[in-house]
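[1] take this sequence and fold it.
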Amino acid sequence: MIKKCLGKAIVFWSLFFFSLTSYASPPQPLSPKPIKGIYITQWNFENTSFLRSLIGKAKAAKIDTFVVDLEIPSKRYQANLELLHDNHIKYVARIVMFPDGGTPAHIKDPAIWQKKYKLVQQAVDWGAQEIQLDYIRYNTKQKPSAQNSHDIHTIIQWYKAKLAAQKVPLQIDVFGVTSFGESKHIGQNIKLFSQTVDAICPMVYPSHYVPFAVHFNKPYNTVFDSLDGIKKQFNNQVPMKVYAYIELSNYHFRMSQENTMKYISAQLKAVEAAGADGWYAWSPHNRYDNLFKLLQSR
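    Sure, this is the predicted structure:
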């Protein structure tokens, strides 16, 4: 079992520039089936021939969701969204808030929030069914403080208020270690965020946990224990959706084809056993053939 090494939040209110009310959505009924999604860069999404091929393979593997970066709106991006619509694939727009994590100046600058929100609104106008915010955290070098999570939650509340008015669900990506409690360095606290978000997407990549070799060799345990840690934070009554991010490779270690397939399979089985609401597969260059092959063989 992964040791819980992060303390719980001891501060329950924050004042930034103004007070905000939590905009928590009412509990949603369970989906008839877990989400199965893959991440797509904007560059690849705008490559129409690549996208057509990817859609065909994804559908054969019963992938139902594409999480697509939106960094710079373009006509090609907008046009290719029709391919998702025509193939009944859910479009979740991924917006990177603070690349590599924000500094205090970034986190507390509403002008940056507004700039990123323009991308969010564009995605919504183009039919995004949900919005996913990534890198919504402080930099890992930030001094630890219970206030950090409240600062981040203030931003989440600001976005949720705008999206709730349009009935668009909000997802938040969080580090896998926050499955066991608050991270006071980066300012991520799942229990606090649950007051506002519709879904949490914990990045339960074995490559993110130390000792690296231990978790590389125990991908099932790493993923399962992390997702189980979230349930324990809520006494098994998790109030929002949980979509786990899994990885298709481990940048610390090389693997044979056979071991790669086992590595992916172990993570998928762990997500299912933990009872998560679904998963997103992460491949930075969108190489999903191993995943597709594995899913079609199950």
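[2] ranges for the strands of the stretch 101-250 of the chain?
    Shown for the stretch 101-250 of the chain, the strands assigned by DSSP state E, counting those that start in this stretch span residues 130-134, 170-175, 199-203, 241-247.
[3] name the helices or strands packed onto the second one?
    Put plainly, it is strand 170-175. Under the contact criterion of 3 or more Cβ pairs under 8 Å, 6 or more residues apart in numbering; DSSP states H and E, strand 170-175 touches strand 130-134, helix 147-164, helix 190-193, strand 199-203, strand 241-247. No exception for glycine: its C-beta is placed from N, CA and C like everyone else's.
[4] likewise the third one?
    If contacts are counted by 3+ Cβ pairs under 8 Å, 6+ apart, strand 199-203 sits against strand 170-175, helix 190-193, helix 219-233, strand 241-247.
[5] tell me what angle it forms with helix 219-233.
    Angle of strand 199-203 versus helix 219-233, following axes from the mean of the first three to the mean of the last three Cα atoms, to 10 degrees, is 140 degrees.
[6] just the last one next, same as before
    Strand 241-247 runs at 160 degrees relative to helix 219-233, counting by the same axes, to 10 degrees.
[7] show me what strand 241-247 is packed up against.
    Using 3+ Cβ pairs under 8 Å, 6+ apart: strand 241-247 touches strand 170-175, strand 199-203, helix 219-233, helix 257-274, strand 278-282.
[8] save the ones you listed as TSV, and put in mean pLDDT too.
    Listed next are those as TSV, based on pLDDT from 0 to 100:
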stretch	mean pLDDT
strand 170-175	99
strand 199-203	99
helix 219-233	98
helix 257-274	98
strand 278-282	99
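[9] now the strands of the stretch 101-250 of the chain in CSV, with distance to residue 37?
    Formatted as CSV, these follow (distance: least, Cβ to Cβ, whole Å):
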stretch, distance to residue 37
strand 130-134, 10
strand 170-175, 11
strand 199-203, 10
strand 241-247, 7
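[10] and the ones you listed: which comes nearest residue 258?
    Smallest distance to residue 258 across those (Cβ to Cβ): 17.3 Å, for strand 241-247.
[11] residues in contact with that closest one?
    28, 35, 37, 171, 173, 198-207, 223, 226-227, 230, 264, 267-268, 271, 274, 276-283 (Cβ atoms under 8 Å, 6 or more residues apart in numbering).
[12] cutoff 7 Å now
    35, 171, 198-205, 207, 223, 227, 230, 267-268, 271, 276-282 (Cβ atoms under 7 Å, 6 or more residues apart in numbering).
[13] residue 207 touches residue 251, doesn't it?
    Yes - between residue 207 and residue 251 a contact is recorded at 5.7 Å, counting by Cβ atoms under 7 Å.
[14] more neighbours, these two?
    Comparing residue 207 with residue 251 by neighbour count (other Cβ atoms under 10 Å), the higher total belongs to residue 207, at 17 against 10.
[15] just the C-alpha atoms of the worst-scoring helix or strand of the chain on mean pLDDT, please, in CSV.
    Within the chain, judged by mean pLDDT, DSSP states H and E, the helix or strand with the poorest mean is helix 212-216; its value is a mean of 94. The C-alpha trace of helix 212-216 is given here as CSV (Å, rounded to 0.1, in the frame of the first residue of the first chain):
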residue,chain,number,x,y,z
PHE,A,212,9.9,4.7,-9.1
ALA,A,213,11.0,1.1,-9.4
VAL,A,214,8.5,-0.2,-6.9
HIS,A,215,5.6,1.4,-8.6
PHE,A,216,6.8,0.5,-12.0
